[in-house]
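**Q** Here is my input; please provide its structure:
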Amino acid sequence: MATMTVKMPREEPAVSYASRYSLPAEPKENDTKSNLCSGPVILLSHGDPTGFKPFWRSVGDKCKVTIDSCDFMSYLTDTGTVCWFLEKELEEAIRQLHRTVGNAVTDDRHILVGTGSTQLYHAALYALTSPGGPEPVNVVSAVPYYSSYPEETNFLCSALYKWAGDAYTFDKEGPYIELVTMPNNPDGQVRGPMVNRNDGKLIHDLAYYWPQYTPITAQADYDIMLFTFSKSMGHAGSRIGWAVVKDKDVAIKMTKYIELNSIGVSRESQHRAAKILGAVSDSSQCIGANFFEYGKSLMAERWTKIREVISRSRLFSLPKYMEEYCQFSGEDTEPHPAFAWLKCNNDIEDLEIFLRRYKIMGRGGSLFGSDPKHVRVSMLGDEETFNLFLERLSSIQDTITNSNGNGIKFDELERKQIR
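**A** Numbers count the residues shown, from 1 in each chain. Next up is the predicted model:
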């Protein structure tokens, strides 16, 4: 029988905000040359989790899957369940993983699968607002919120819901939906809902509530919880996300949305995800083969390095985090978020634009509803890119510090280095 072997996904996903994050132009012949402006562009504007690739390379064939040419031909998996396109092996692997890690309650909950958590987010919005009312339901999230929420919410120009901005300042009457990202993207803080009214509904985005990023302090138990294969395991290319949903009627509506949107989710991707999630659960207590131990060590090392670079100057600063007891690891640990929320402490007004001039591509604070003196930079990329970023950031700090010591201001320095 003919077979095909599933290969590793490509490492270069499409990047949104194309115009804003297009590569800076090369200096013209008459421009002042600068070592800071030479070398490759450092792309840190999106969270492509290729930093975990060395671990998965070391696993070898343990997570290899082979698919026969006659496998997964049907749309259907189990018509007797709410999510009729969810592979049973994936559902079991998801429940087992959450029991092992202790980060979410799944007993007596409905598990839904989506093409990434983005599709599940849209499905949740549909489920919580249909069949609709006289006005679209307001959707809010506390600043700094995930930069894609406004665009994703308004993309379809739906009559059911609309983006309404910052949850801190939201004061409109009527029903609303609040998005709670925990830990938060971009700043890594753990926080709860801000509006807290009886006519509101919550969606909890728990993409980063995993031991490599933050202490697991309790089992999350919310009405709708979204997770993603991309950030939990580092496999962004498989495009798998899942939701843990309490209410059956909400789960049915979410499933209906995915049915109409894409007639289910790739069964091949589900099969691969189930294999990997199962292997991680099985090895979670094994020293050396524990993915979460590897991920935590990697993230801790990177945070130590970037804090050491930042400490050499007063130019930039980073958020501070408190140690908490992690129920998974059994020890006090500090968060090591997937992104660094970098702040400029001097007279640079737009840090994203400033760093772009040195070929460092971050995502500016204004996209998160915040101050443009902030930039979100990914901590998840490959080792070479991350180390190059630290080298260039250190050189920028040294150059700025030396120039300021000579009485040169930032705008003057920029004119000297880049026309």
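**Q** Check what pLDDT Gln285 gets.
**A** In this model, Gln285 is scored at 68, pLDDT.
**Q** Helix, strand or coil: sort out Leu342 for me.
**A** Reduced to three states with DSSP: H, G, I helix; E, B strand; the rest coil, the structure at Leu342 is strand.
**Q** neighbours around it, how many?
**A** Leu342: 25 surrounding residues under other CB atoms under 10 Å. All C-beta spots, glycine's among them, are computed from the backbone N, C-alpha and C.
**Q** got the residue ranges for the helices in this protein?
**A** 53-59, 88-101, 116-129, 149-154, 229-233, 248-262, 267-282, 291-310, 351-356, 383-405, 410-417 (DSSP state H).
**Q** Could you export the ones you listed as TSV, including mean neighbour count, mean pLDDT and distance to Leu202?
**A** Converted to TSV, the helices of the chain look like this (neighbours: other CB atoms under 10 Å; pLDDT from 0 to 100; distance: least, CB to CB, whole Å):
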stretch	mean neighbour count	mean pLDDT	distance to Leu202
helix 53-59	14	94	33
helix 88-101	20	97	19
helix 116-129	23	98	9
helix 149-154	18	98	14
helix 229-233	26	97	20
helix 248-262	17	98	12
helix 267-282	21	96	26
helix 291-310	18	97	27
helix 351-356	21	96	30
helix 383-405	16	88	34
helix 410-417	14	44	42
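**Q** I'd like these laid out as TSV, including distance to Gly165.
**A** Below are those laid out as TSV (distance: least, CB to CB, whole Å):
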stretch	distance to Gly165
helix 53-59	37
helix 88-101	32
helix 116-129	16
helix 149-154	8
helix 229-233	25
helix 248-262	24
helix 267-282	34
helix 291-310	30
helix 351-356	20
helix 383-405	31
helix 410-417	31
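**Q** Report the beta-bridge partner residues of the residue lying closest to Leu388 once chain neighbours are set aside.
**A** Using CB to CB, 6 or more residues apart in numbering and skipping the chain neighbours, the partner closest in space to Leu388 is Ile42 (5.8 Å). Beta-bridge partners for Ile42, by DSSP bridges, are Ile360.
**Q** How about Thr333?
**A** Glu324.
**Q** what sits against it?
**A** 215, 296, 323-326 (CB atoms under 8 Å, 6 or more residues apart in numbering).
**Q** Now with 10 Å, please.
**A** 211, 214-216, 296, 300, 321, 323-326 (CB atoms under 10 Å, 6 or more residues apart in numbering).
**Q** same thing with Lys256?
**A** Contacts of Lys256 by CB under 10 Å, 6+ apart are 123, 126-127, 130.
**Q** and which of those residues is nearest to Leu206?
**A** Ranked by distance to Leu206 (CB to CB), the contacts of Lys256 are led by Ala123 at 15.9 Å.
**Q** The closest one and Thr77: what is the separation?
**A** Separation of Ala123 from Thr77 (CB to CB, to the nearest Å): 18 Å.
**Q** Repeat that for Val244.
**A** Val244 is 18 Å from Thr77, by CB to CB.
**Q** swap in Tyr358?
**A** In terms of CB to CB, Tyr358 sits 50 Å off from Thr77.
**Q** what sits against the spatially closest residue to Phe389 that is not a sequence neighbour?
**A** Leaving out its chain neighbours, the residue that sits closest to Phe389 by CB to CB, 6+ apart is Ile42, at 5.0 Å. Residues in contact with Ile42 (CB under 10 Å, 6+ apart) are 355, 358-362, 377, 381, 385-386, 388-393.
**Q** right, and the pair among those residues with maximum separation?
**A** That would be Tyr358 and Gly381, which, of these, are the farthest apart (CB to CB) at 17.0 Å.
**Q** Quick check: buried residues in stretch 138-151?
**A** By neighbour count on 16 or more other CB atoms under 10 Å, the buried set for stretch 138-151 is 138-150.
**Q** how about these in a markdown table, adding distance to Tyr222?
**A** Formatted as a markdown table, these follow (distance: CB to CB, whole Å):
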| residue | distance to Tyr222 |
| --- | --- |
| Asn138 | 20 |
| Val139 | 17 |
| Val140 | 17 |
| Ser141 | 15 |
| Ala142 | 16 |
| Val143 | 21 |
| Pro144 | 21 |
| Tyr145 | 17 |
| Tyr146 | 17 |
| Ser147 | 23 |
| Ser148 | 21 |
| Tyr149 | 17 |
| Pro150 | 22 |
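**Q** nearest to Val280, of those?
**A** Closest approach to Val280 among the buried residues of stretch 138-151 (CB to CB): Tyr146, at 24.9 Å.
**Q** That closest one against Ala207, yeah?
**A** Yes. Tyr146 is within contact range of Ala207, at 9.0 Å (criterion: CB atoms under 10 Å).
**Q** Tell me the residues that contact both of those two, please.
**A** Contacts common to Tyr146 and Ala207, judged by CB under 10 Å, 6+ apart, are 181, 185.
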